[in-house]
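S.K.: Test case, fold it:
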Amino acid sequence: MSDKVEITLIRELRIVGYPYLNGLERDLYDSLRIGDKLSLHHETENAFDEYAVRVEYAGTLAQEGPRKLGYVPKTISPVLVYFLRVAELSGRELKVWVTNTGKKPGQVDFSTRLVEEVPF
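M.R.: The predicted model follows:
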C-alpha cells in the first residue's frame with residue numbers, strides 16, 4: 001500500500017515578465033484566480049538564461065491561444081530546473097498553482113509542490 005505525500009518546494013513566488021506579455025497573454029494573466037493550475041517549462045534553448053523557466057496557464061480557461069504568463073525569477077530558477085528534472089526522471093508530479101492575485105497588474109504569486117508516493 002502507498003500514499004501520496006506532497007512536499008512544498010516553494011511558497012509565494014512571483015511570476016515576472018508581465019510588461020513583456022502581448023495583449024492576449026495579459027488578458028489571460030489578468031483573469032487568473034487563486035487555485036488556477038499552472039505549469040513550469042525549462043527553456044533549454046533560451047539565449048539569455050540557461051536556467052529560464054517559463055510559467056504557463058494549465059487550466060481550462062483558455063483552450064486555445066496564449067498560455068504563457070511569464071517566468072520564474074532568475075534568482076530561484078536554477079532550483080526549479082533541478083526539481084523539474086527530478087520530477088521528470090522519477091515520474092513524480094510537480095504541482096503548480098496560483099496562490100495570490102495582487103491588486104496591481106502583474107502581481108500573481110504561485111506555489112510549487114512535488115508529489116511523491118510513499119510506501120506504508
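
S.K.: all contacts plus neighbour counts: C-alpha atoms, from now on.
M.R.: Fine.

S.K.: residues in contact with whichever helix in the chain runs longest?
M.R.: In the chain, assigned by DSSP state H, the helix with the most residues is helix 77-90. Helix 77-90 has contacts (Cα atoms under 8 Å, 6 or more residues apart in numbering) with 40-42, 51-53, 92-94, 114.

S.K.: change it to 10 Å
M.R.: Residues from elsewhere that reach helix 77-90 (Cα atoms under 10 Å, 6 or more residues apart in numbering): 9-10, 40-44, 49-54, 71-72, 91-94, 112-116.

S.K.: The residues you listed, buried ones only, as a ChimeraX selection?
M.R.: Filtering those down to the buried ones (16 or more other Cα atoms under 10 Å) takes a single ChimeraX command:
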select :40,42,51,52,53,54,71,72,92,93,94,112,113,114,115,116
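
S.K.: which SS state does W97 fall under?
M.R.: Secondary structure, DSSP: H, G, I helix; E, B strand; the rest coil: W97 is strand.

S.K.: Leaving out the residues flanking it, which one is nearest to it?
M.R.: Nearest residue to W97, sequence neighbours excluded (Cα to Cα, 6 or more residues apart in numbering): K37, at 4.5 Å.

S.K.: same thing with V53?
M.R.: Spatially, and ignoring its direct neighbours in sequence, V53 is nearest to H42 (4.5 Å; Cα to Cα, 6+ apart).

S.K.: Now do stretch 48-67, average pLDDT.
M.R.: Stretch 48-67 carries an average pLDDT of 80.

S.K.: just how off-centre is it within its chain?
M.R.: 8 Å (Cα atoms, centre = their mean, to the nearest Å).

S.K.: all helices for this protein, in order.
M.R.: Using DSSP H, helices in the chain cover 23-30, 77-90.
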